[in-house]
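Enquirer: Structural data only, the sequence is not supplied:
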């Protein structure tokens, strides 16, 4: 199978790079500045699971392979609309789409533009950061990558994808119910990102505060109720794993959203927290912690915009 990662940032660069390392047919669709970084230094991964450096096959918009089987969208949510606009007339009609974005809101846009039959389900769990000079830094050993059919008609191609890429270092998973998996990840992520951003602290630092554990678990309860009322009740195994993560006093884990805020970068406030707040309102879940977290991250966005306006 011919795979094209839309973006070679932290997520796409990591998983795409590992697939290249395993000998798979992978290309990267990148912008000019990222192409320059790769041309100068290659695609570089620094990881406790092993460093890797390669000169991958990459191209700009006009160089998309017409035989691309699956386009793997790994961009940030705030770049998705622009990317879809650029690809709507350029992506080969035969190509399917596998999104790895956070949350769920992106499916609505992708379905509307490309048709639901072309959009598979996908998600990942990984702690990676792209440095200013283009190095992909993997901060732990987590590297979960899953995909699956959203429609019955997609099951055959998902099985073919699984047969093609299952033998890689990150052990990709073919999910029998990818949207249930996606909802569970979203419930965990919204609570995790929300509270770490609200408190500007790691999990361990939050747990050291008065009522810290209660705030974390109540946030997860809010998102879990939204998931359940949307038809996707959090399963016991995932609930136990999340509670364990939210109760680990040794954890120095922070969300990628908080890391972006600390670095002064753009964040996925509306796509992750705002969308969950809207979904909570639609099913009459009050979600006070989540709403406070969303307001805090939006305040960060407003302040960043004010600073940018003042310097121009």
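Expert: Arrived safely, thanks for sending. Bear in mind the structure is a predicted one, so any value in this text is a computation, not a measurement.

Enquirer: Report the distance from stretch 126-146 to the chain centre.
Expert: A distance of 11 Å separates the centroid of the chain from that of stretch 126-146, by Cα atoms, centre = their mean, to the nearest Å.

Enquirer: any idea of the mean pLDDT for that stretch?
Expert: Throughout stretch 126-146, pLDDT has a mean value of 92.

Enquirer: And it, end to end?
Expert: The first residue of stretch 126-146 is 12 Å away from its last residue (Cα to Cα, to the nearest Å).

Enquirer: if we look at it, which residues are touching it?
Expert: 9-11, 13-15, 17-18, 34, 37-38, 41, 43-49, 100, 122-125, 169-170, 172-175, 178, 181, 253, 256, 259 (Cβ atoms under 8 Å, 6 or more residues apart in numbering). Where C-beta positions appear, they are placed from N, C-alpha and C, glycine not excepted.

Enquirer: Generate a PyMOL selection restricted to the buried subset of those residues.
Expert: Here the buried members of these are turned into a PyMOL selection, burial being counted by 16 or more other Cβ atoms under 10 Å:
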select buried, resi 9+10+11+13+14+15+17+18+34+37+38+43+44+45+46+47+100+122+123+124+170+172+173+174+175+178+181+253+256+259
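
Enquirer: Show only the entries of the contacts of stretch 126-146 found in helices.
Expert: Under the assignment DSSP state H, the contacts of stretch 126-146 contribute 10-11, 13-15, 17-18, 34, 37-38, 41, 178, 181, 256, 259 to helices.

Enquirer: can you list the domains in this protein?
Expert: Listed domain ranges for the chain are 2-176, 181-310 (source: automatic domain parsing).

Enquirer: Now the helix or strand bottoming out on mean pLDDT in the chain: buried residues?
Expert: Every helix and strand in the chain was compared by mean pLDDT, DSSP states H and E; the lowest is helix 288-310, with a mean of 90. By neighbour count with 16+ other Cβ under 10 Å, helix 288-310 contains the buried residues 289, 290, 291, 293, 294, 296, 297, 300.

Enquirer: what's the answer for stretch 109-122, then?
Expert: Taking 16+ other Cβ under 10 Å as the neighbour-count basis, stretch 109-122 is seen to contain the buried residues 110, 113, 114, 118, 119, 120, 121, 122.

Enquirer: And stretch 271-288, by the same measure?
Expert: By neighbour count, and taking 16+ other Cβ under 10 Å as the criterion, the buried residues in stretch 271-288 are 271, 272, 273, 274, 275, 276, 277, 279, 280, 285, 287.

Enquirer: how much distance is there from that stretch to the middle of the chain?
Expert: Using Cα atoms, centre = their mean, we find the averaged C-alpha position of stretch 271-288 to lie 19 Å away from the chain's own average C-alpha position.

Enquirer: Tell me the bridge partners for residue 25.
Expert: Beta-bridge pairing of residue 25, defined through DSSP bridges, involves residue 2.

Enquirer: follow-up on the earlier one: can you list the buried residues of stretch 109-122 in a markdown table and add secondary structure and pLDDT?
Expert: What follows is the buried residues of stretch 109-122, written out as a markdown table (DSSP: H, G, I helix; E, B strand; the rest coil; pLDDT from 0 to 100):
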| residue | secondary structure | pLDDT |
| --- | --- | --- |
| 110 | helix | 98 |
| 113 | helix | 97 |
| 114 | helix | 97 |
| 118 | helix | 98 |
| 119 | strand | 98 |
| 120 | coil | 98 |
| 121 | strand | 98 |
| 122 | strand | 97 |
